[in-house]
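Novice: Could you work out the structure for the sequence below:
(one chain, ligands or ions: 2)
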Amino acid sequence: MTTVAPTETRDQRLARLAEHAYNVRMHALRMGEVQGQGYVGQALGAADMLTVSYMDQLRYDVADEHWEGRDRFLLSTGHYAIGLYAALAEAGIVPLAELETYGSDDSRLPMSGMASDTPGMEISGGSLGHGLTVAVGMALGLRHRGLTEQRVFNFLSDGELDEGSTWEAAMGAAHHRLGNLTAMVDMNALQADGPAQGVLRTEPVLDKWKAFGWHAIRVDGNDLPALVDAFDEAREVARAEGQPQVIICDTRVGSGVTMLEDREKAHFMRIEEGEWAICREQLTARYQAAKEAAR
Ligand SMILES: Cc1ncc(C[n+]2csc(CCOP(=O)(O)OP(=O)(O)O)c2C)c(N)n1
Ligand SMILES: [Mg+2]
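Specialist: Ligands and ions are numbered 1, 2, ... in the order given. Sure thing, here's the model as predicted:
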């Protein structure tokens with residue numbers, strides 16, 4: 001099942017996605033409030049990438065998470081699980097009411113992504129730098145089994161570009177001509193220890209992926225029209241046999257909520273009790289203003 005409605009105009013498609021992205025951010029705030037803290041900044045920053053993935057690009061069956069014909073979405077970054085749960089809820093794979101259990105004992109939505117716990121969670125992330133290696137194996141496996149229409153998507157963080165295993169996997173994907181593999185990198189310029197480029201300089205990132213044999217695209221990851229174009233371009237390139245694609249997305253931590261966008265210590269945010277309502281108001285105001293401007 002694909003979520004793209006074939007009769008939609010581009011404007012309708014973008015308006016629909018903008019609403020989904022707003023909802024995804026709301027879901028993330030809802031979960032964040034349950035715990036009073038968490039990786040909320042990453043979830044908001046990656047909300048547009050996750051929205052385009054789940055509400056526009058991926059094929060899946062809401063009623064059957066193990067459907068063989070599905071595209072696989074692998075979240076390398078276990079700590080981004082709150083963002084993925086928000087997208088899974090918007091897609092209807094995780095019930096909305098369940099978001100209230102986020103991070104609690106016996107919840108199917110633990111703070112770090114666990115394949116054993118959550119519907120639609122393909123791998124357990126957390127130990128960074130492993131997602132792309134698993135994605136390469138999965139893409140090879142699909143091809144060997146003759147599942148040539150199915151694609152593997154891997155969501156990576158910029159911190160994972162510091163891991164040697166990521167680049168081994170990148171080399172392997174090009175060597176095996178895995179055209180059914182699409183990576184997306186959340187370049188939020190942040191790591192646990194501070195600004196990403198201060199921890200280890202990885203630029204020029206676009207040139208590096210190209211040199212590794214990938215079809216590489218770089219976009220503003222909070223610009224929905226640009227993101228849609230980038231994903232469409234990757235889909236044009238995608239084949240069971242061919243060139244793997246990477247979409248490098250420059251995002252802003254906390255995107256959509258003004259008071260969180262410039263927060264220091266943004267890797268793991270503590271948000272005070274009275275601030276959640278303000279976060280929601282700011283998100284809604286920004287969304288409504290953009291909607292008006294698009295009229
Ligand atoms: C292999 C490995 N090394 C170190 C860590 C500890 N760690 C957890 S999050 C993180 C930051 C990684 O960068 P990124 O994912 O870009 O951080 P964010 O943008 O979420 O701040 C690190 C180093 C880990 N989880 N796995
Ligand atoms: Mg980062």
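
Novice: ok, residue 205 to residue 19 distance?
Specialist: 31 Å (CB to CB, to the nearest Å). From N, CA and C alone the C-beta is placed, and that goes for glycine too.

Novice: end-to-end on stretch 48-65?
Specialist: Its first and final residues considered, stretch 48-65 spans 22 Å by CA to CA, to the nearest Å.

Novice: Any buried residues in the longest helix along the chain, and which?
Specialist: In terms of residue count, the longest helix belonging to the chain (DSSP state H) is helix 10-35. Buried residues in helix 10-35, counted by 16 or more other CB atoms under 10 Å: 13-18, 20-34.

Novice: and it, what's its mean pLDDT?
Specialist: The average of the pLDDT scores along helix 10-35 is 97.

Novice: Same question for stretch 91-108.
Specialist: Stretch 91-108 carries an average pLDDT of 96.

Novice: And it, how far out from the chain middle?
Specialist: From the chain centre to the centre of stretch 91-108 is a distance of 18 Å (CA atoms, centre = their mean, to the nearest Å).

Novice: again, but for stretch 49-61
Specialist: For stretch 49-61, the distance to the chain centre is 9 Å (CA atoms, centre = their mean).

Novice: same question, stretch 172-179
Specialist: 22 Å.

Novice: Could you list the alpha-carbon positions for it in CSV?
Specialist: What follows is stretch 172-179, C-alpha atoms only, in CSV (Å, rounded to 0.1, in the frame of the first residue of the first chain):
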residue,chain,number,x,y,z
GLY,A,172,29.6,-2.2,0.4
ALA,A,173,26.3,-0.8,-0.8
ALA,A,174,27.9,0.7,-3.9
HIS,A,175,30.0,-2.4,-4.5
HIS,A,176,26.9,-4.6,-4.5
ARG,A,177,25.0,-2.0,-6.6
LEU,A,178,22.2,-1.8,-4.1
GLY,A,179,19.8,0.5,-5.9
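
Novice: Show me what it is in contact with.
Specialist: 132-133, 135-136, 139-140, 143, 181, 212-214, 237-245 (CB atoms under 8 Å, 6 or more residues apart in numbering).

Novice: filter those to the buried ones?
Specialist: 132-133, 135-136, 139-140, 143, 181, 212, 214, 238, 240, 243-245.

Novice: and which of these is nearest to ligand 2?
Specialist: Nearest to ligand 2, judged by CB to the ion, of the buried ones among the contacts of stretch 172-179 is residue 132 at 15.2 Å.

Novice: so the closest residue to ligand 1 within the stretch 101-250 of the chain, which of the three states?
Specialist: The minimum distance from the stretch 101-250 of the chain to ligand 1, using CB to the nearest ligand atom, falls at residue 159 (1.9 Å). With DSSP: H, G, I helix; E, B strand; the rest coil as the basis, residue 159 sits in helix.

Novice: Near the nearest residue to it once chain neighbours are set aside, how many other residues are there?
Specialist: Leaving aside its chain neighbours, residue 159 sits nearest to residue 191 (4.4 Å; criterion: CB to CB, 6 or more residues apart in numbering). Neighbourhood size, residue 191 [other CB atoms under 10 Å]: 19.

Novice: got the contact list for residue 191?
Specialist: Contacts here follow CB under 8 Å, 6+ apart; on that basis residue 191 touches 158, 159, 162, 199, 267.

Novice: please redo it, this time with the cut-off set to 10 Å
Specialist: Neighbour list for residue 191: 128, 157, 158, 159, 160, 162, 197, 198, 199, 200, 267 [criterion: CB atoms under 10 Å, 6 or more residues apart in numbering].
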